[in-house]
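# Let's see this in three dimensions:
(one chain, ligands or ions: 1)
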Amino acid sequence: MKSGKFITLEGIDGAGKSTQLAWIVELLQQAGLQPVVTREPGGTTLGERVRALLLDKSMTMHAETEALLMFAARREHLDKVILPALQQGQWVISDRFTDASFAYQGGGRGLDQAKLGILEHWVQGGLQPDLTLYFDVPVEIGQQRVRQVKDADRFEQEQAGFFQRVRNAYLDRVRQFPNRIQIIDSSQPLTEVKAAVEQTVQRLLHDA
Ligand code: TYD
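Residues are numbered from 1 along each chain as shown. Predicted structure coming up:
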């Protein structure tokens, strides 16, 4: 059986991930695949409950508690959803994965990268996505988009400085993992973002 591929989407809040997620699903379906679409934090019954805690504005927690909850939800997500699907040869697309922990908890909250690395190794061993699309936008654009759409959650209510640190941490990850992470300039017009996404996804399909 052909092996499935694991794709993750990343970006600061308001980078336009959701629109592109739908587009990637469409592209994979056109290629005859039926990808499993999931998200983090979440993706399982337990994970969605943990997500509700993490996004609840009235909840305060230590930055390490936040990181541990992210990885606890991820452990469950790998066990119940991601690994079984990949083992069956299915493609999996996750709206966020571990790069978000390095960006938000590492960059945003200032947590030690080495501690996050230990959790990463504990929870996922050597497993990494086959492809990560990182949607890059200036913080001001991301914040404008979020404010237009909905009530801010616990992360979205953070100030511009927080998102600047998150963005910088994502850009560091792009430099660290140039083969896995593809950067997409999400401040371009939508048609151009879609074209860039299509090119990247077609390349992965071609190599599969
Ligand atoms: P998000 O994916 O942006 O969902 P929505 O589009 O519904 O707002 O929300 C998840 C939030 O969780 C987002 O602000 C980033 C944050 N997050 C972390 O801080 N660390 C992580 O490891 C993950 C997966 C998400």
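# pLDDT below threshold where in the protein?
Applying pLDDT under 70 to the chain flags the ranges 1-2.
# For this structure, which residues are neighbours of the ligand?
Applying Cβ under 6 Å from any ligand atom, we find that the chain lies next to the ligand at 13, 18, 40, 41, 70, 95, 96, 100, 101, 104, 105, 155. For glycine as for every other residue, the C-beta is placed from the backbone atoms N, C-alpha and C.
# Which ones among those map onto helices?
With helices defined by DSSP state H, the entries of the residues of the chain next to the ligand inside them are 18, 70, 100.
# Pull out the buried members of the residues you listed.
Buried residues within these, defined by neighbour count using 16 or more other Cβ atoms under 10 Å: 70, 100.
# The one helix or strand residue 9 maps to packs against which elements?
Per DSSP states H and E, residue 9 falls inside strand 6-11. Using 3 or more Cβ pairs under 8 Å, 6 or more residues apart in numbering; DSSP states H and E as the contact test, the elements touching strand 6-11 are helix 17-30, strand 92-95, helix 98-100, strand 131-136.
# Show me which of these has the highest average neighbour count.
Highest mean neighbour count among the helices and strands packed on strand 6-11 (mean count of other Cβ atoms under 10 Å): helix 98-100, with a mean of 26.
# give me every residue that touches residue 112.
residue 106 (Cβ atoms under 8 Å, 6 or more residues apart in numbering).
# Torsion angles phi and psi at residue 66?
With angles defined as degrees, to the nearest 10, residue 66 sits at phi -60, psi -50.
# That one contacts residue 54, correct?
Yes. Between residue 66 and residue 54 there is a contact at 6.7 Å, judged by Cβ atoms under 8 Å.
# Just the CA coordinates for the strand or helix carrying residue 118, please, in CSV.
Counting by DSSP H and E, the element that carries residue 118 is helix 113-124. This file holds the C-alpha atoms of helix 113-124, laid out as CSV (Å, rounded to 0.1, in the frame of the first residue of the first chain):
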residue,chain,number,x,y,z
GLN,A,113,13.1,25.5,23.7
ALA,A,114,15.1,22.6,25.2
LYS,A,115,12.2,21.7,27.5
LEU,A,116,9.8,21.8,24.5
GLY,A,117,12.3,19.6,22.6
ILE,A,118,12.1,17.0,25.4
LEU,A,119,8.3,17.0,25.3
GLU,A,120,8.5,16.7,21.5
HIS,A,121,10.7,13.7,21.7
TRP,A,122,8.7,12.1,24.4
VAL,A,123,5.4,12.5,22.6
GLN,A,124,6.3,11.9,19.0
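# buried sites along it?
116, 119, 120, 123, 124.
# Looking at these, which is nearest the ligand?
Nearest to the ligand out of those is residue 116 (Cβ to the nearest ligand atom; 9.2 Å).
# mind listing what residue 97 touches?
With contact set as Cβ under 8 Å, 6+ apart, residue 97 has these partners: 8, 10, 40, 74, 129, 132.
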